[in-house]
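# build me a model from this:
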Amino acid sequence: MCGAGGSLRSSRGKCMDVDQDVVLLHQFQRGKYCPNLSPYALKVEAFLRLADIKYEVDTKKPFGPKGKCPWITINGEDVADSQFILEHLTERFNVKIDNRLGQQKAASLEAVRILADEHLFWCVVTWRYWLDGCVTFLKSQSFPPKLHRAFPLFMKRGMKRRAKHHGIGLHSPEQIYHICRKDCATLASILGEDDFFGGDEPCTSDCSVFGQLAQLMWNAPGSHYQALLTETYPNLDRYCHRMKDRVFPDWDQLLDPPQ
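Residues are numbered from 1 along each chain as shown. Okay, here's the model as predicted:
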């Protein structure tokens, strides 16, 4: 595991304790109901499992070279940004989980991935950190008391600024929820009665969609955002549990505290 201090270079040096070709996944600590508060960290971890790539987890240094979480270290090389990580690992390990997809299906799923990663994400985090002020979200985390008190103040101010720069923060709470609902409706229609967005088996795009939907399913307990899955679009509810069982059979043991 990496230490909490030191530069990225020295931290990477410590990470060389892992075996050759073993990915060190740097991410946030585990949550009470979901293995990660970051949809992108969950996306990368799901991909590593689907692709059967050996990895270890470091939670001491979650922010990488681009100041983002997650990032990985492999054979002394750092790779940041979840999508670049997946593309890098696909090439390095010759991952074939998307090979069965035709060109048109693969292109459609890339659009699904972008909707989840670049659109739905902003609805969820704007509500989580700014509009709701972390009240619901903190119920899903095992933060120490000091962080539990400071986290809402820090995140609400920062997210308000980021959301307004992005543009979504210029809308009313009702309009942001409306956008989120439309995104979920689109995903629900595309999924239909299929087991996964990749069909009978999950594909790379499923990692992105699951990473985002899991935040509604498990990190927004009792909220009207969670109800989008549990009540409004139940096929997305079933999908989340199907992905959890397929990719994370040890889900309960990964939680903090383990269940």
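# residue 143: what secondary structure?
Using DSSP: H, G, I helix; E, B strand; the rest coil, the structure places residue 143 in coil.
# that one touches residue 151, doesn't it?
Yes - the criterion here is CB atoms under 8 Å, and residue 143 meets it with residue 151 at 6.3 Å. C-betas here are computed from N, CA, C, even on glycine.
# below-threshold pLDDT in the protein: ranges please.
1-16 (pLDDT under 70).
# quickly find the element holding residue 78.
Assigned by DSSP states H and E, residue 78 falls within strand 77-80.
# how close does residue 236 get to residue 213?
Distance of residue 236 to residue 213, given as CB to CB, to the nearest Å: 6 Å.
# overlap in contacts, those two.
Common contacts of residue 236 and residue 213, defined by CB atoms under 8 Å, 6 or more residues apart in numbering, comprise 187, 229.
# of those two, who's got more company?
The residue with more neighbours, out of residue 236 and residue 213, is residue 213; 26 against 21, by other CB atoms under 10 Å.
# helix, strand or coil for that one?
Looking at residue 213 with three-state DSSP, the answer is helix.
# ok, it touching residue 241?
No - counting by CB under 8 Å, residue 213 does not reach residue 241; the two are 10.7 Å apart.
# could you dump the helix or strand containing residue 41 to CSV, C-alpha only?
Here residue 41, judged by DSSP H and E, is contained in helix 39-50. Provided in CSV are the C-alpha atoms of helix 39-50 (Å, rounded to 0.1, in the frame of the first residue of the first chain):
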residue,chain,number,x,y,z
PRO,A,39,-18.8,6.4,-9.5
TYR,A,40,-15.6,6.4,-11.5
ALA,A,41,-13.7,4.3,-8.9
LEU,A,42,-16.5,1.8,-8.9
LYS,A,43,-16.4,1.8,-12.7
VAL,A,44,-12.7,1.0,-12.7
GLU,A,45,-12.9,-1.7,-10.0
ALA,A,46,-15.8,-3.3,-11.9
PHE,A,47,-13.8,-3.3,-15.1
LEU,A,48,-10.8,-4.9,-13.4
ARG,A,49,-13.0,-7.7,-12.1
LEU,A,50,-14.8,-8.3,-15.4
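# tell me what that helix is packed against?
If you count contacts as 3 or more CB pairs under 8 Å, 6 or more residues apart in numbering; DSSP states H and E, helix 39-50 packs onto strand 23-26, strand 55-58, helix 82-92, helix 204-218, helix 234-247.
# what's around residue 144, how many residues?
Residue 144 has 7 neighbours, counted by other CB under 10 Å.
# look up how far residue 176 lies from it.
To residue 176, residue 144 is 30 Å away according to CB to CB.
# check residue 146 too.
The separation that residue 146 has from residue 176, given CB to CB, amounts to 30 Å.
# more neighbours: which of those two?
Neighbours per residue, other CB under 10 Å: of residue 146 and residue 176, the larger number sits with residue 176, 22 against 8.
# is it fair to say residue 126 lies in a helix?
Yes - secondary structure of residue 126 (three-state DSSP): part of a helix.
# buried ones in stretch 212-221?
212, 213, 214, 215, 216, 217, 218, 219, 220 (16 or more other CB atoms under 10 Å).
# nope, stretch 112-128 is what I was after
Buried, per 16+ other CB under 10 Å, within stretch 112-128: 112-113, 115-117, 119-128.
# what residues go with each domain of this structure?
Structural domains assigned to the chain are 14-92, 103-250, following automatic domain parsing.
# hmm, back to that, what angle do the helix holding residue 41 and helix 234-247 make?
Here helix 39-50 points in a direction 50 degrees away from that of helix 234-247 (axes from the mean of the first three to the mean of the last three CA atoms, to 10 degrees).
# please state the offset of helix 39-50 from the chain centre?
Between the centre of helix 39-50 and the centre of its chain there are 7 Å (CA atoms, centre = their mean, to the nearest Å).
# return the angle between stretch directions for that helix and helix 204-218.
130 degrees.
# what residues does helix 39-50 touch?
23, 25, 27-28, 34-36, 53, 55, 57, 68-70, 72, 82, 85-86, 89, 97, 117, 121, 124, 202, 204, 206-208, 210-212, 214-215, 243, 247-248.
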